[in-house]
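J.: Just the structure for this:
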Amino acid sequence: MTRTKMMMITIALMSIGTFVYSQNNTEYWQQEVEYEMMVDMNAEKHQYQGEQKLVYHNNSPDTLHKVFYHLYFNAFQPGSQMDVRSRTIKDPDDRVGDRISKLSEVEIGYIKVDQLLQDGENVQREVVGTVLEVDLSEPILPGEKSTFNMKFNAQVPLQIRRSGRDNEEGIEFSMTQWYPKIAEYDYQGWHADPYIAREFHSVWSSFDVKIRMDKDYTIGATGYLQNPEEIGHGYTDEKVKPKGEKLTWHFKASKVLDFTWGADPDYVHDTLEMDNGTILHFFYQDKINNKENKGTPIEENWQKLQAKTKALFEYYNEHIGEYPYDQYSVIQGGDGGMEYPMCTLITGERNFESLVGVTAHEAAHSWFQHLLATNETKHEWMDEGFTTYISVLAEDKVLEQNKEFPLERAYSVYRQLATSGVEQPQTTHADRYRYNFAYGASAYSKGAVFLSQLGYIIGKENLDRTLKRYYEKWKFRHPTPNDFIRVAEKISGAELSWYLDEWTKTTNTVDYGIKDIQVDVQGRQTIITLERIGLMPMPIEVEVTLENGSKEMYYLPLRIMRWEKSGMDNVEDDWAWAFPTYELTLPVANYAVQKVEIDPSGKMADVNLDNNIYEKELAEKENTESEDSDN
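T.: Alright, predicted model coming up:
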C-alpha cells in the first residue's frame with residue numbers, strides 16, 4: 001500500500017465521527033471543503049477567468065445562515081486597508097511601503113465574482129474590501145452540505161507582498177491567495193478577517209485544479225500533477241508536442257489548507273527522491289546571481305540546495321514526525337520566503353547559506369502550520385515561533401555550523417523587545433500590533449524562546465517528546481495554545497498553565513538576581529540571597545564554583561509547578577512566587593565560594609543578565625574601589 005493511500009485512509013477515518021473532545025472543554029469538530037476549479041490564464045494581460053465548484057460540509061453543531069469568501073487580491077488597490085495600514089504604521093515593511101498607493105489600473109490586483117449560486121439558487125452577496133459577504137438562500141444545517149458554483153475574473157497585481165507578477169528577480173507569476181477562498185468557521189465563529197498583509201486561518205480542503213496557460217510556461221504547485229504525459233516540462237522524459245498555444249495543467253491535493261502555484265517560462269525543473277520515496281521538486285531560473293555573491297550562477301546554489309533540503313526533511317521527520325505527502329516543491333518566486341501546502345515560494349538570488357536558511361524555515365512550516373493548523377491570526381507565535389525553533393536547530397545541523405547555542409539570536413531579539421517599551425501580549429491579533437518590529441520579534445523570536453525555555457523548565461528530553469506527541473495528536477487539526485501545553489503537562493507531569501499564561505497573555509518578564517552573599521556567625525555556612533525582580537516566576541538553577549574549581553548545581557523548584565525536574569543533584573525547597581527573596585544556604589565558608597551563576601545554560605530568558613553572576617575577585621575589587629572612593 002502506498003503512503004498516499006495510507007494517508008487517504010487515515011483522513012477518511014478522521015472524518016468519521018467528527019465530534020471528539022479537545023482540550024478546549026468543547027466538542028471538537030472542523031469544517032471540510034471540496035474545491036473544483038478551472039482557470040484560463042491570459043499571461044500577456046496578467047488576467048484570468050475562473051470557474052469554481054465548492055462543496056461545503058457543515059460539521060459544526062450550528063446552523064449557518066451566511067458564508068464568507070476571501071478575495072485577497074483586492075488588497076492590492078490604492079486605498080485598501082493594506083495600503084493605508086502600510087502608510088500609517090510607524091515602521092512599515094519596506095517591501096510594501098507606499099507602493100500599493102502608486103499602482104496603476106493595469107498593475108492593481110482584483111478578484112471579481114460574476115456569478116454565485118448555492119445549490120442552483122442565486123444568493124445575495126456584497127464585496128467589502130477583501131471579503132465577500134454572502135447571505136445564503138437556504139441555511140446549511142448541522143451535518144449537511146451545500147454546493148456553491150461561482151464564476152469569477154481576476155487580475156494579478158504587480159508583485160508587492162507574497163502574491164503577484166514580475167517579482168524583483170523576474171519570476172512572472174507567484175500565485176498565492178489567488179482564488180475566492182471560503183473563510184474558516186470554528187468554535188469561535190467565522191474568521192473573515194480582512195487581508196492586511198499578515199496571517200491566515202484556513203479550512204481543511206481538497207483541491208481539483210486545472211490551469212490553462214501558454215505552452216511555454218512551467219508550473220510548480222501544491223498537489224500532484226495528474227497529466228504529466230500531456231505536459232512534459234521536466235515532469236516526464238517524454239518531449240511533449242503541445243496541441244494549440246496553451247496547455248492545461250491538472251493538479252489534485254487532499255487535506256491541505258490552500259492551493260498555491262508559481263509559473264515562469266524560464267524555470268529549470270529538478271527533482272530529488274528521498275530514501276522514503278518523497279519527491280522533492282525544485283523550480284528556479286538559471287542565470288547569474290546579481291544580488292549577492294555576484295557572478296555566481298543561481299543554478300550552482302540551487303543544485304547544492306537539493307541535498308540540503310533532503311537533509312532538512314530527514315531532520316524534521318526525525319524530530320517532529322513523518323511528512324505525510326509524497327512530494328514537496330521549492331519554487332523561486334514571491335518577495336522573500338512564504339510557506340504553502342506542499343510547497344514554498346522563496347526568492348532565489350541569495351548566497352548559499354541564506355538559500356538553505358530560508359528553505360529550512362519555510363519547509364519547517366510544512367509541520368508547524370500546514371499539518372498543525374493553528375489560527376495564525378490569533379496565535380501567530382505558535383507557527384512562526386515553533387518553526388523558528390526547529391529550523392534554527394536543523395540549519396545548524398545541516399550546515400554543520402555546530403554553534404554552542406544556536407538560538408542565541410532569538411533570545412537577544414526577545415530581550416530587545418522586552419525592554420523596548422513597545423511589546424504587546426502574544427494574544428494580540430496579528431494585524432493589531434502597533435509596530436512591525438513588535439509583531440516580528442513576538443511571533444518569531446519570543447515564540448522560539450517559548451519552546452527553548454520550556455526545555456529549560458521541563459528538560460530537553462521532555463520537550464523533544466512533547467513535540468512528537470503534539471504532532472501525532474494534532475496533525476490535520478486546528479490545535480490551540482492550550483492543546484499544546486496540555487500535551488507538555490502529560491509528557492512531563494508538571495503543572496504548566498502558569499507558563500502559558502504568563503508568557504503569552506502578559507508582557508511580564510523573567511528577572512532574577514543575586515542580591516547578597518554572607519557568612520553565618522560561625523563562619524561555617526554561606527548564605528546566598530536570591531531575588532525575584534520581574535513578575536514572571538521560574539524554577540531556578542544556580543551553579544556554585546568553589547576555589548578548588550569544583551562545581552555544584554542547586555535546583556530551586558517553582559512551587560506552582562507541583563513538580564521537580566529529574567536528574568538534578570541538589571534539590572532545595574521550592575520557591576513560592578509571592579516571596580521576593582530566597583535564601584540558599586551552602587555548607588561552605590564564604591572564602592571558598594569563587595563564583596555563583598544563575599542559569600549557566602542561558603536558556604532561561606532573564607532580561608537582565610548583569611545581576612545573574614557573582615565573582616569573588618570582582619566583588620572584592622568593587623568593594624576596595626568603593627572604600628577608596630569613600631576615603
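J.: quick one: pLDDT of the spatially closest residue to Asn74 that is not a sequence neighbour?
T.: Spatial nearest neighbour of Asn74, excluding adjacent residues (C-beta to C-beta, 6 or more residues apart in numbering): Thr130 at 4.7 Å. Where you see a C-beta, it was placed from the backbone N, CA and C, and this is true even at glycine. At Thr130, the pLDDT value in this model is 98.
J.: Wasn't Tyr235 part of a strand?
T.: No. If the criterion is DSSP: H, G, I helix; E, B strand; the rest coil, then Tyr235 is coil and not within a strand.
J.: Count residues in the vicinity of it, would you?
T.: When counting by other C-beta atoms under 10 Å, one arrives at 19 neighbours for Tyr235.
J.: just Arg85 next, same as before
T.: With other C-beta under 10 Å as criterion, Arg85 counts 19.
J.: Tell me if I'm right that it and Pro194 touch.
T.: No. Arg85 is not in contact with Pro194 according to C-beta atoms under 8 Å; the separation is 9.7 Å.
J.: okay, and the common contacts of the two?
T.: Listed as contacting both Arg85 and Pro194 by C-beta atoms under 8 Å, 6 or more residues apart in numbering are Asp431.
J.: what stretches of this protein score poorly on pLDDT?
T.: Applying pLDDT under 70 to the chain flags the ranges 1-26, 238-243, 289-295, 590-591, 618-631.
J.: Please enumerate the helices of it.
T.: Taking DSSP state H, the helices of the chain run over residues 3-15, 81-88, 228-231, 298-319, 352-364, 376-398, 408-418, 436-440, 447-458, 460-474, 481-492, 497-505, 616-630.
J.: Between these, which one is closest to Asp264.
T.: With C-beta to C-beta as the criterion, Asp264 lies closest to helix 298-319 of the helices of the chain, at 12.7 Å.
J.: Packing partners of the closest one?
T.: Counting contacts by 3 or more C-beta pairs under 8 Å, 6 or more residues apart in numbering; DSSP states H and E, helix 298-319 packs against strand 267-273, strand 279-285, strand 327-332, helix 352-364, helix 376-398, helix 460-474.
J.: what lines up beside the first one in the sheet?
T.: Spelled out, it's strand 267-273. If you go by DSSP bridges, strand 267-273 pairs up with strand 279-285 (antiparallel).
J.: what's the angle between the partner strand and helix 298-319?
T.: Angle, strand 279-285 to helix 298-319, by axes from the mean of the first three to the mean of the last three C-alpha atoms, to 10 degrees: 150 degrees.
J.: Next, the buried residues of strand 279-285.
T.: Neighbour-count burial for strand 279-285, counted by 16 or more other C-beta atoms under 10 Å, picks out 280-285.
J.: who's in contact with that strand?
T.: Strand 279-285 is contacted from outside by 169-171, 218, 220, 262, 264, 266-274, 298-299, 302, 305-306, 309-310, 313, 326-332, 343, 348, using C-beta under 8 Å, 6+ apart.
J.: that older thread, and the helices of the chain as JSON lines, adding distance to Pro157?
T.: Formatted as JSON lines, these follow (distance: least, C-beta to C-beta, whole Å):
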{"stretch": "helix 3-15", "distance to Pro157": "34"}
{"stretch": "helix 81-88", "distance to Pro157": "11"}
{"stretch": "helix 228-231", "distance to Pro157": "27"}
{"stretch": "helix 298-319", "distance to Pro157": "25"}
{"stretch": "helix 352-364", "distance to Pro157": "22"}
{"stretch": "helix 376-398", "distance to Pro157": "22"}
{"stretch": "helix 408-418", "distance to Pro157": "31"}
{"stretch": "helix 436-440", "distance to Pro157": "21"}
{"stretch": "helix 447-458", "distance to Pro157": "30"}
{"stretch": "helix 460-474", "distance to Pro157": "35"}
{"stretch": "helix 481-492", "distance to Pro157": "34"}
{"stretch": "helix 497-505", "distance to Pro157": "35"}
{"stretch": "helix 616-630", "distance to Pro157": "60"}
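J.: where along the stretch 501-631 of the chain do the strands fall?
T.: 512-519, 526-532, 540-546, 551-556, 570-571, 581-586, 593-598, 613-615 (DSSP state E, counting those that start in this stretch).
J.: you'd agree Asp98 is up against Ser86?
T.: Yes. Using C-beta under 8 Å, Asp98 is in contact with Ser86, at 7.0 Å.
J.: Please identify which of the two sits among more neighbours.
T.: Using other C-beta under 10 Å as the criterion, Asp98 and Ser86 rank with Ser86 on top: 24 against 11.
J.: Excluding chain neighbours, what is closest to the more buried one?
T.: Ser86's closest residue in space is Val96 (C-beta to C-beta, 6+ apart), at 4.3 Å.
J.: Contacts for stretch 395-404 next, please.
T.: 308, 311-312, 315, 353, 356-357, 360, 406.
J.: Return the set of buried residues in it.
T.: Within stretch 395-404, the residues that count as buried by 16+ other C-beta under 10 Å are 395-399.
J.: Which parts of this protein belong to which domain?
T.: Following automatic domain parsing, one finds the domains of the chain at 20-398, 514-630.
J.: Adding distance to Trp503 as columns, could you present those domains in a markdown table?
T.: A markdown table is the format used below for the domains of the chain (distance: least, C-beta to C-beta, whole Å):
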| stretch | distance to Trp503 |
| --- | --- |
| domain 20-398 | 9 |
| domain 514-630 | 7 |
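J.: And stretch 179-189, how far out from the chain middle?
T.: Stretch 179-189 sits 19 Å away from the centroid of its parent chain (C-alpha atoms, centre = their mean, to the nearest Å).
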